[in-house]
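Visitor: whatever this is, show me its structure:
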Amino acid sequence: MFGDVPVTFEDVDAWLIAVPRIEPSSPRAAWYVRHWNVVEKIKAAKLRGDFETIVRRGAEAAPFWWSRFQWTRQAV
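Guide: Next comes the predicted model:
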């Protein structure tokens, strides 16, 4: 309504990538958004002026947890 902080799908996707590092297309993304009150957290971050910093900081780091591992083939 009036005075409410707008939260877009792009905001939610950016939060998922930056904070819990969940791919937005992942089956667990919807569960995470619902159970961890992501929309409310985004609203609070926007009101504090932290949202862009949080999202940018996450984008600068390695995109997902599996990127930390090096997968190599074993010689047979």
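Visitor: only C-alpha atoms from now on, for both contacts and neighbour counts.
Guide: OK.
Visitor: pLDDT weak spots in the protein?
Guide: Scanning the chain for pLDDT under 70 picks out the ranges 1, 59-76.
Visitor: contacts only, for the nearest residue to residue 6 once chain neighbours are set aside.
Guide: Excluding the flanking residues, the one nearest residue 6 by Cα to Cα, 6 or more residues apart in numbering is residue 43, at 7.5 Å. By Cα atoms under 8 Å, 6 or more residues apart in numbering, the residues touching residue 43 are 5, 6, 7.
Visitor: let me see the contact set for the most centrally placed residue in the chain.
Guide: With distances taken as Cα atoms, centre = their mean, the residue of the chain nearest its centroid is residue 16 (1.8 Å). Shown in contact with residue 16 (Cα under 8 Å, 6+ apart): 22, 23, 24, 29.
Visitor: next up, the contacts around the last one.
Guide: Residues in contact with residue 29 (Cα under 8 Å, 6+ apart) are 16, 22, 23.
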